[in-house]
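>>> can't give you the sequence, but here's the structure:
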């Protein structure tokens, strides 16, 4: 064991050694976390924090089944996928059982960013088109190609490439068409139809519509039902494909469905689905699932796709263990119950506190963060083992803080408190 | 434990479920590997193979110290780098001790591809230029941005982008300037100088010269000493930076140096170094090291760099354990000894077998592969625990095969048998 440094020493060395583009949470007074279990994290003094935001530690921090699966496979074999191995096959087969039948070909990688980059490459090879339509404020990853399709990033950097088209976020709370609109799904889809029309006028061709099934950085948005179906229709007509980015929002997080895109209805099937974050419970795993046709068009280039670590036996053993735990512990049912309970409490809060501003909860030993273009949406993406007691504790704390704040700041912009 | 499938069943399911762009070794009759230890791999029937090519299982397959480090940390905490943690700092500090002083800022990621993409982004932000000079036949990764700078890939795909310039491989065996040239380092560097001149004429500006310190896919090339210094001089003069891709060839593999770029002499220091493959002994870890100036220019964009899994406590614990094992087992000294011994044996073979063609060794239970534009270079990149006995066994087997082949094919193109 290496000696443990004081928090101040760790912070000083971090500032010295790690690029300052890599931000800390609560940067004015960052937390040092040395241990975690389930939905709890612990700092160097043993203080417990309730983790409401770690959507990567999906089945709970340091889940013993996941730790065991990793250790067993680490002792046996960890090599690349150029040799036959059952874990790769078993994992692909299990994922295939979770997806619509036509999404039957798999690629394994190390991060959601790698997955979205591959999805982009595939879309372009399959369609022989170049352009991409994305939702405003979207973030699809940290790679060069993905910053290009992430308005959240490119707006602050080089700006918009000529092959990128930005559609409005289908946000019925704050967006262009709201709850009072008679058919927001059609209205938002028509925006995409119009973008395609304008692009065609300029001689451009659409390779893909790229969207998170529930836009996250865009503000934890739930698109109106039927929106994706209509968008897919227009995009297909233009020769493009629909890529559903499930990196943050898939894998049972929405409770009654395994994938967030299923909230749109059973008749919606994307052409490519990308997965990341939660699927390895913290281990670097990601996946692209697509159709035979798209996979074959990609293979027809004759160019090999090799990912050094992707789909190795350890990653796949962990991926399988995560699926096992979700099923064994019925985490989807659990998430539905806790989610419904949380929604009920939050609706009560909404009535009680019409005015909500900036909320900082670290001092209360609850790890929460904000999201959305205005950073005014409270983000709840806890490990799936989060309980009703945890939910009650958070809401009680939020209630207490808001009550105090209202005394000090009688008039502020209204803020949504989202949950997904 | 899941039931083990037969090799044929695994193969059939793989063909059904995994994209066919993902190739198997020995695709006509692929090997199923279920276990590995040190420099040996084992198939489903317990047959042992000597692994001469796994440069990722750097300190040996399933090294107990690495497995233990992973397990201990997996039980404690695995989360993102937005919280303070000592492992991240300790790992950066240790790597910093291995590098020239000015390469003192670190970024952690999940794959060599992610590292090269970040290096490219940084080079562009720092220089505010766009163009990249690469070596012919180079391969820098599977991402959209890296295929653009990998002639090995883009020659078979979309072709060369206007911002990419290809310099000849500094190969003194088969290249433009050979061993008989009076100053191949200068001659090859002048090619780069000329490329810069031509680019400037077209109004283009150089962001980076990007090269593996020992070009791998290019044919396991050892550039003539002094070449990088001269190239760096011209590239700096053009306002660009020098990126040394050490993903395949760094981390003590060259024996007497920790980094392959050090073979060029002590007066050569790249501006950015990328690391991957061996640094996690199979675990998905990668790193970018750069100067304060470049890191600050990157941070000055104001845009956060967040990598979900990069630099997590488990990855860093494993990275630290790999460095510990390299030092504890003196693997660099060992690699030098075994490498020298292997070179001696291969020199003998060179005299004995002037004619070498395609070599397939799987049937002899030795895992070897070929590389280079003509796929006519035998690639030796074994785990670093490879012994003199292993070397002797391989060379004896190659000798036997070549002797047999020479009887059948009396005249073929001469082939180099490289080792790195």
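It's in. Model, not experiment: these values are computed from the prediction.

>>> I'd like the distance between the most centrally placed residue in chain A and residue A:154.
Closest to where the C-alpha atoms of chain A average out (CA atoms, centre = their mean) is residue A:248, at 1.3 Å. Residue A:248 sits 19 Å away from residue A:154, going by CB to CB, to the nearest Å. C-beta: built from backbone N, CA, C; applies to glycine.

>>> go on, residue A:406?
Distance from residue A:406 to residue A:154, by CB to CB: 38 Å.

>>> same question, residue A:47
In terms of CB to CB, residue A:47 sits 39 Å off from residue A:154.

>>> Does the host helix or strand of residue A:133 reach chain B?
Residue A:133 belongs to strand A:131-135 when assigned by DSSP states H and E. No - with CB under 8 Å from any CB of the partner chain as the criterion, chain B is not reached by strand A:131-135; the gap is at least 11.5 Å.

>>> Run through the strands of chain A in chain order.
Ranges of strands in chain A, per DSSP state E, are A:33-37, A:40-43, A:48-51, A:105-109, A:131-135, A:164-167, A:206-212, A:241-245, A:272-275, A:286-290, A:366-367, A:369-371, A:377-379.

>>> helices or strands next to the fourth one in the packing?
Packing partners of strand A:105-109 (3 or more CB pairs under 8 Å, 6 or more residues apart in numbering or on different chains; DSSP states H and E): helix A:86-98, helix A:112-127, strand A:286-290, helix A:292-299.

>>> Residues contacting stretch A:143-152, please?
Taking contacts as CB atoms under 8 Å, 6 or more residues apart in numbering or on different chains, the residues outside stretch A:143-152 that touch it are A:113-114, A:116-117, A:120, A:132, A:134-141, A:153-154, A:157, A:160-161, A:163-164, A:166, A:210, A:217-218, B:114, B:117, B:120-121, B:143-145.

>>> same thing but at 7 Å, please
The contact list for stretch A:143-152 (CB atoms under 7 Å, 6 or more residues apart in numbering or on different chains) reads A:113, A:116-117, A:120, A:132, A:134, A:136-140, A:153-154, A:157, A:161, A:164, A:166, A:210, A:217, B:117, B:120-121, B:143-145.

>>> Quick one: buried ones out of these?
For these, a neighbour count by 16 or more other CB atoms under 10 Å in any protein chain shown gives the buried set as A:113, A:116-117, A:120, A:132, A:134, A:136-140, A:153-154, A:164, A:166, A:210, A:217, B:117, B:120-121, B:143-145.

>>> So for residue A:153, what's the nearest residue that isn't a sequence neighbour?
The spatial neighbour of residue A:153 that comes closest, neighbours along the chain excluded (CB to CB, 6 or more residues apart in numbering or on different chains), is residue A:147 at 4.5 Å.

>>> Tell me how many other residues surround the one you found.
Using other CB atoms under 10 Å in any protein chain shown, residue A:147 is surrounded by 24 other residues.

>>> Could you report the distance from it to residue B:122?
For residue A:147, the distance to residue B:122 (CB to CB) stands at 13 Å.

>>> same question, residue A:225
43 Å.

>>> Of the two, give the one with the bigger neighbour count.
residue B:122 (28 against 13).

>>> Show the pLDDT at that one.
At residue B:122, the model reports a pLDDT of 98.

>>> so what's the nearest residue to it once chain neighbours are set aside up against?
In this structure, residue B:122 finds its nearest non-sequential neighbour in residue B:298, 5.0 Å apart by CB to CB, 6+ apart. By CB under 7 Å, 6+ apart, the contact set of residue B:298 is A:19, A:21, B:122, B:125-126.

>>> redo that, cut-off 10 Å
A:19-21, B:105, B:107, B:118, B:121-126, B:288, B:290, B:305 (CB atoms under 10 Å, 6 or more residues apart in numbering or on different chains).
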